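Q: with the sequence up front, the predicted model follows.
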Amino acid sequence: MRLKTELRHELKYLITHDQRVAILAGLADTMVPDQHSANASAYTIASLYYDTPNYRAYWDKVEGHRSRRKVRVRVYGDHTVTAETRCYVEIKQRQNQLMSKRRVALPYGSAIDPAAYPTIWSALGAGDEATLREVAYLHATLHLQPACVVTYQRLALNGLDPYTDLRVTFDTQLRGRIHDLSLLSPGTTAGQYFLAPHLCVMEVKVNHTVPYWLASLISQQRCSPRRISKYCLALEQSGAIAQRQRIVA
């Protein structure tokens, strides 16, 4: 059994509806939907991204920095979000060719209030406390502020034994906005499409190497890895970035 590690490879592909259907059919016997994808159906993800006033996280991606971090608050599901809704404060980090994601579950009202973190972290486990302290440090030193809301529908599959480190996700209906920067808003699912509705972002996450059978399936559908950042594309589509730089290469 290949257990998931903290640092993992992440490959992204921009695929069509037909490619998505074919790949899903090819995965039917080797992967299963995750806990959010009941009956193999997609679920909503809404993320509030933070950045510096001059969009440092955006430009770090554009310039290809091999070590970079993003902070976001994420909510799963189609339910109405309140101050008490469970969400995740996350740090997504690249270290050379590897990615990691650390997160802490908090009520939404606490998650978006970094000033309240010191009253929270002492009650957390050591790992969660360290993550929340790092988020607080990034807020304080980089002057982070809400920058963009990104929403989409995700179907996520996890690998069966012995490929338990494998995860493949399919994200569709990708939208973003730079106004109304709250997940409490009744318009959470609204926003501009930053990819055509028939397109899908597929992500493959694995400890070390992609299994041969999956690599063959992806190759058969003529899919090639692409440099895609949902956050960057949403900013570009919204016009927040004066010098347009397409993050699909």
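A: That came through, no problem. Note that the coordinates shown come from a computational prediction; the quantities given were computed from them, not determined experimentally. Residues are numbered from 1 along each chain as shown.

Q: just the helices in this protein please.
A: 17-27, 56-62, 108-111, 126-142, 212-220, 230-238 (DSSP state H).

Q: which one of those helices lies closest to residue 177?
A: Checking these against residue 177 by Cβ to Cβ gives helix 230-238 as the closest, at 6.6 Å. Backbone N, C-alpha and C define where each C-beta goes, glycine included.

Q: contacts for the closest one, please.
A: Identification of contacts with helix 230-238 by Cβ atoms under 8 Å, 6 or more residues apart in numbering yields 49, 55, 57-58, 61-62, 70, 72, 147-148, 150, 152, 171, 174-178, 191-195, 201, 241, 244-248.

Q: list the contacts of residue 102.
A: 6, 90, 91, 93, 127, 131, 134.

Q: with residue 94 instead?
A: 65, 66, 67, 68, 69.

Q: could you dump the residues you listed to JSON lines with distance to residue 141 and neighbour count?
A: As requested, those are exported to JSON lines (distance: Cβ to Cβ, whole Å; neighbours: other Cβ atoms under 10 Å):
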{"residue": "65", "distance to residue 141": "17", "neighbour count": "13"}
{"residue": "66", "distance to residue 141": "20", "neighbour count": "9"}
{"residue": "67", "distance to residue 141": "16", "neighbour count": "9"}
{"residue": "68", "distance to residue 141": "15", "neighbour count": "16"}
{"residue": "69", "distance to residue 141": "12", "neighbour count": "19"}
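
Q: in strands, which of those residues fall?
A: Counting by DSSP state E, the part of the contacts of residue 94 found in strands is 67, 68, 69.

Q: right, and the last one touches residue 52 too?
A: Meaning residue 69. No - with contact defined as Cβ atoms under 8 Å, residue 69 does not count as touching residue 52 (11.5 Å).

Q: can I get the longest strand seen in the chain as PDB, trimmed to CA atoms?
A: Longest among the strand segments of the chain by residue count, using DSSP E, is strand 145-159. Written as PDB, here are the backbone C-alpha positions of strand 145-159 (Å, rounded to 0.1, in the frame of the first residue of the first chain):
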ATOM      1  CA  GLN A 145      -6.200  40.800   2.100                       C
ATOM      2  CA  PRO A 146      -9.100  39.100   0.300                       C
ATOM      3  CA  ALA A 147      -8.400  39.000  -3.400                       C
ATOM      4  CA  CYS A 148     -10.700  36.700  -5.300                       C
ATOM      5  CA  VAL A 149     -13.400  34.100  -4.800                       C
ATOM      6  CA  VAL A 150     -13.300  31.000  -7.000                       C
ATOM      7  CA  THR A 151     -16.100  28.400  -7.300                       C
ATOM      8  CA  TYR A 152     -16.400  25.200  -9.300                       C
ATOM      9  CA  GLN A 153     -17.900  21.700  -9.300                       C
ATOM     10  CA  ARG A 154     -15.600  18.900  -8.400                       C
ATOM     11  CA  LEU A 155     -15.700  15.200  -8.900                       C
ATOM     12  CA  ALA A 156     -12.900  13.500  -7.000                       C
ATOM     13  CA  LEU A 157     -11.600   9.900  -7.100                       C
ATOM     14  CA  ASN A 158      -9.300   8.100  -4.800                       C
ATOM     15  CA  GLY A 159      -7.100   5.100  -5.700                       C
END
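
Q: so which bits of it are buried?
A: Neighbour-count burial for strand 145-159 flags 147-159 (criterion: 16 or more other Cβ atoms under 10 Å).

Q: so which of those residues is the closest to residue 15?
A: Residue 15 lies nearest to residue 155 out of the buried residues of strand 145-159, by Cβ to Cβ, at 12.6 Å.

Q: wait, what's in contact with the closest one?
A: Contacts for residue 155 (Cβ under 8 Å, 6+ apart) come out as 24, 33, 37, 40, 41, 42, 43, 169, 170.

Q: cutoff 10 Å now
A: 20, 24, 33-34, 36-37, 40-43, 168-172, 200, 202 (Cβ atoms under 10 Å, 6 or more residues apart in numbering).

Q: for residue 65, same thing?
A: Contact partners of residue 65, counting by Cβ under 10 Å, 6+ apart, are 56, 57, 59, 94.
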